[in-house]
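# sharing a sequence plus its predicted fold:
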Amino acid sequence: MRSFEKLPPKFQNDEVKHYYDIIAKKSFSLVLKRITDIIFSLIILVILIIPIAVIAVIVKATSKGPVFYRQERVTSYGRVFKIFKFRTMVQNADRIGTLVTTSGDARVTKVGRILRKYRLDELPQIFNVLAGSMTFVGTRPEVQKYVDMYKDEYNATLLMPAGITSLASIMYKDEEKLLQNVEDADKVYVETILPEKMKYNLMYLENFGFLSDIKLMFKTVKEVLR
């Protein structure tokens, strides 16, 4: 980890320092976390390379647009990166609607609904993990627009790389339904859902450890297979 004094100015407050001190004491867990990320990513890539290729062909054949959706998100220390996902929406969907997806969103393709249901659209994020911009377990990455609205304490969630899964994403797996039929999905997300998700994200930091990460990974698989 960077020394606290070398963090971006917006991180240098008492609220973030509380979580920084907790994580800084668990350097061994951080090393194991990165090693596990690399090993698991390579194993998954070898096992699922054919299914990934098949999904790519189906996405391309069933709707216009690129196979992958790449959107700028924010990861550790406020660094911007491009997240990899299989495209599940019509081309240029982010230009014709909100940045969050609601249940029954007309922009989602038929194939996209299946991919989202089983979280198969997130398989390409293995490449983000290998690159180090993401990890298997951690806070789900937000777009810059929402990060700019963070309270001081929320910046603590950017002390580690963004995650493919998290306690918050498990608890809010039905987030799209919560945003269904609301007049302003962005407003509801920022004012209601995001603060609740942040409670779980900060709880994760409080209890961060290698074994707790493994448990969350298995819990995620269990939820997906339900």
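Looks like it arrived, so ask away.

# tell me the centre residue of the chain?
Nearest residue to the geometric centre of the chain (Cα atoms, centre = their mean): residue 140, 2.6 Å.

# do I have it right that it meets residue 171?
No - applying Cβ atoms under 8 Å, one finds residue 140 not in contact with residue 171, separated by 11.4 Å. Where C-beta positions appear, they are placed from N, C-alpha and C, glycine not excepted.

# and the strands in the chain?
Per DSSP state E, the chain carries strands over the ranges 68-74, 80-86, 134-137, 162-165.

# low pLDDT regions in the chain?
Within the chain, the stretches with pLDDT under 70 are 102-103.

# count the neighbours of residue 71 for me.
Using other Cβ atoms under 10 Å, residue 71 has 13 neighbouring residues.

# need the contact list for it.
By Cβ atoms under 8 Å, 6 or more residues apart in numbering, the contact list for residue 71 reads 82-83, 85, 94, 143.

# turn those into JSON lines, columns for distance to residue 165 and neighbour count.
Putting the contacts of residue 71 into JSON lines (distance: Cβ to Cβ, whole Å; neighbours: other Cβ atoms under 10 Å) gives the following:
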{"residue": "82", "distance to residue 165": "19", "neighbour count": "13"}
{"residue": "83", "distance to residue 165": "14", "neighbour count": "24"}
{"residue": "85", "distance to residue 165": "14", "neighbour count": "19"}
{"residue": "94", "distance to residue 165": "23", "neighbour count": "12"}
{"residue": "143", "distance to residue 165": "18", "neighbour count": "16"}
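
# closest to residue 129 among these?
Nearest to residue 129 among the contacts of residue 71: residue 83, at 10.9 Å, using Cβ to Cβ.

# number of residues surrounding the closest residue to the closest one other than its chain neighbours?
Of all residues not flanking residue 83 in the chain, residue 73 sits nearest, at 4.7 Å (Cβ to Cβ, 6 or more residues apart in numbering). Residue 73 has 21 neighbouring residues, counting by other Cβ under 10 Å.

# quick one, what contacts residue 73?
So residue 73 contacts 80-83, 141-144, 162 (Cβ under 8 Å, 6+ apart).

# out of the strands of the chain, nearest to residue 197?
Residue 197 sits nearest to strand 162-165 of all the strands of the chain, at 12.3 Å, using Cβ to Cβ.

# contacts for the closest one?
If you take Cβ under 8 Å, 6+ apart as the criterion, strand 162-165 is touched by 73-76, 83, 122, 125, 129, 133-141, 216-217, 220.

# next, the buried residues of stretch 140-150.
By 16 or more other Cβ atoms under 10 Å, the buried positions in stretch 140-150 come out as 140-143, 146-147, 150.

# check stretch 89-106 too.
In terms of neighbour count (16+ other Cβ under 10 Å), stretch 89-106 has its buried residues at 89-90, 93, 97-98, 100-102, 105.

# what is the nearest of the residues you listed to residue 1?
residue 100 (30.7 Å).

# quick one: that closest one from residue 138, how far?
20 Å (Cβ to Cβ, to the nearest Å).

# picking up where we left off before, ok, of the contacts of residue 73, which one's closest to residue 14?
Here the nearest of these to residue 14, counting by Cβ to Cβ, is residue 142; it sits at 22.7 Å.

# I figured that closest one was touching residue 78, is that so?
No - counting by Cβ under 8 Å, residue 78 is not a contact partner of residue 142; they are 11.1 Å apart.
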